[in-house]
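In: Sharing a model prediction with you, sequence too.
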Amino acid sequence: MTTTRAGLSRVAAATAAALAILAAPSAQAAPPAQAATAAQATLAARTLPLGDADLVETRTSQTLARGVTLTRIVRGTEPAPADEINTTTRGPWVVNVLTIDPRKARGHLEATYGPDLARTEKTTDLVRASGALVGVNASFFTFTANAQYPGDPVGLGLYGGKLLSEPSSDPAEVNFVVDSRTDRVVMGKLSWSGSVHHRDTGASLPLEFINHPPVIPAGCTALPDQTQCTQPGDVVRFTPEFAAATPSGAGAEVVLDRRGCVVRTATSRGTELTTGQTSLQATGRETASLLQVAGEGCLRTKSDLVNEKGQRVPLHSGLTGVNGRYRLTADGRIVVPDGTGSFFDRNPRTVGGTTKDGRIVLATIDGRMTSSVGTTMDETAAVAQALGMHDAVNLDGGGSTAMSVRGELVNRPSGTAERLVGDALILRG
């Protein structure tokens, strides 16, 4: 979610994504990918801090590959009454946990989004198409807020060193960034700024977004010629990864070649981009500004991704990052904020984190079902800490929560079927 002036669309997208966990009823049972073997000492020894102390808790684990372990935890033995899912202290809870030891595992954790950024796919399909060993759903995404581009991340989308979606200004956004060169995971709040500059004249224009449909100001929607609009609009950079074509509509679009030189200019939006091309779209009063700045020359695009300390994050092909909502643990401490409302109530959850010794942990908690009631944000943070996550982030959850091993579903998503999602964190086998 963002609070910038283009934010009406962005906020709607973020709200739909953040509340995606409220969307669906219970699903049919989905069997685990494989039968579990004897329990192994892959997780912290603490029982989960959920419900009454006398609940029975069972753990079964299997080694999926060198350095990769899947553990299934079931706490509680009796189904919950349907009207007590949000309040019961008897559970049950079903938690699936992937533990990856980068010092032993082959391959590296990375994010993937399918054929293009704007479409959605099942987590299982993303894992299967990538030839990955395991994967979980990851970012919050536009979802139902934009039927044409539902997979658009609401926040950071960094894939193979390419920044395809900027972090939002939403203070709740926390980013989960992996550097495959070092197998190090960093969690925190990133920020971004961008601009375009004409190489000859020096004229410049700030960028609002990367790969997000621009908004036409409310007072100018009836104007086919956006250069006549006096209200502030958006300037957005698009790359070929976004979709088969850029968003269409009133405004202006300038297509650039790989050198940043103008290929063509149009006083409406919507075109196909070939490999190496990018485009700039503008709406509102920025329409005239874009046409003036671009002219017929070459532009230089400036894009700065910085961390919480204000340090620039250099991009390289091994860097990948997704967005979450709220930090759960930091340096071993529970840091999730207090909150009320449906987002903070019991829901299915997906969590990404790391242990103090550098192992990567990805966990799903099934919810909204009598067979697994889900967790509040406070309960989710407590589970992350109990699983040994020294640092942890709450990723997209609810109907999106899914874990896949070799393309097969491991957990039981809420809803009538596995949800299509924007992207996933995967480990190739």
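Out: Sure thing, it's come through.
In: after the helix or strand bottoming out on mean pLDDT in the chain comes which helix or strand?
Out: Here the helix or strand of the chain ranked lowest by mean pLDDT, DSSP states H and E is helix 7-18, holding a mean of 40. Moving toward the C-terminus from helix 7-18, the next helix or strand (DSSP states H and E) is strand 57-65.
In: helices and strands around that next one, which ones?
Out: Identification of packing neighbours for strand 57-65 by 3 or more C-beta pairs under 8 Å, 6 or more residues apart in numbering; DSSP states H and E yields strand 68-75, strand 132-137. Where you see a C-beta, it was placed from the backbone N, CA and C, and this is true even at glycine.
In: now that strand: mean pLDDT?
Out: Strand 57-65 comes out with an average pLDDT of 98.
In: Same check on stretch 128-140?
Out: 97.
In: how about it: buried residues?
Out: 128, 130, 132-140 (16 or more other C-beta atoms under 10 Å).
In: how about the helices and strands packed on strand 57-65 in a markdown table, adding distance to residue 124?
Out: As requested, those are exported to a markdown table (distance: least, C-beta to C-beta, whole Å):
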| stretch | distance to residue 124 |
| --- | --- |
| strand 68-75 | 15 |
| strand 132-137 | 8 |
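In: Could you measure from the most centrally placed residue in the chain over to residue 159?
Out: Nearest to the mean C-alpha position of the chain, counting by C-alpha atoms, centre = their mean, stands residue 139 at 1.1 Å. For residue 139, the distance to residue 159 equals 11 Å [C-beta to C-beta, to the nearest Å].
In: Residue 392 now?
Out: 22 Å.
In: what's the answer for residue 148, then?
Out: Distance from residue 148 to residue 159, by C-beta to C-beta: 21 Å.
In: Count the residues that sit near residue 330.
Out: 16 (other C-beta atoms under 10 Å).
In: and it, what are its bridge partners?
Out: Beta-bridge partners for residue 330, by DSSP bridges, are residue 333.
In: shouldn't it be in contact with residue 389?
Out: No. Residue 330 lies out of contact with residue 389 (C-beta atoms under 8 Å); the separation is 10.2 Å.
In: Show me the helices in the chain, by range?
Out: 7-18, 123-129, 286-294, 377-386 (DSSP state H).
In: What segments of the stretch 101-250 of the chain are strands?
Out: 109-112, 121-122, 132-137, 157-159, 162-165, 173-179, 184-188, 191-198, 204-207, 209-210, 235-238, 249-256 (DSSP state E, counting those that start in this stretch).
In: quick one: low-confidence ranges for this protein?
Out: Applying pLDDT under 70 to the chain flags the ranges 1-45, 429.
In: what's the closest of the strands of the stretch 101-250 of the chain to residue 346?
Out: strand 132-137 (18.3 Å; C-beta to C-beta).
In: picking up where we left off before, which neighbours do residue 139 and residue 159 have in common?
Out: Residues touching both residue 139 and residue 159 (C-beta atoms under 8 Å, 6 or more residues apart in numbering) are 111, 423.
In: Please give me every residue in contact with residue 167.
Out: If you count contacts by C-beta under 8 Å, 6+ apart, then residue 167 has 155-156, 173, 175, 189-192, 305, 323 around it.
In: That one and residue 342, how far apart?
Out: 24 Å.
In: tally of neighbours for residue 171?
Out: Residue 171, neighbours per other C-beta under 10 Å, totals 11.
In: next one: the one 5 residues further on
Out: Residue neighbour count, defined by other C-beta under 10 Å, stands at 31 for residue 176.
In: Numbering from 120 from now on, please.
Out: I'll keep to 120 as the first residue from here, and by that count the last item is residue 295.
In: ok so, going back, who are the contact partners of the residue nearest to the centre of the chain?
Out: Contacts of residue 258 by C-beta under 8 Å, 6+ apart are 230, 272-276, 441-443, 514-515, 541-542.
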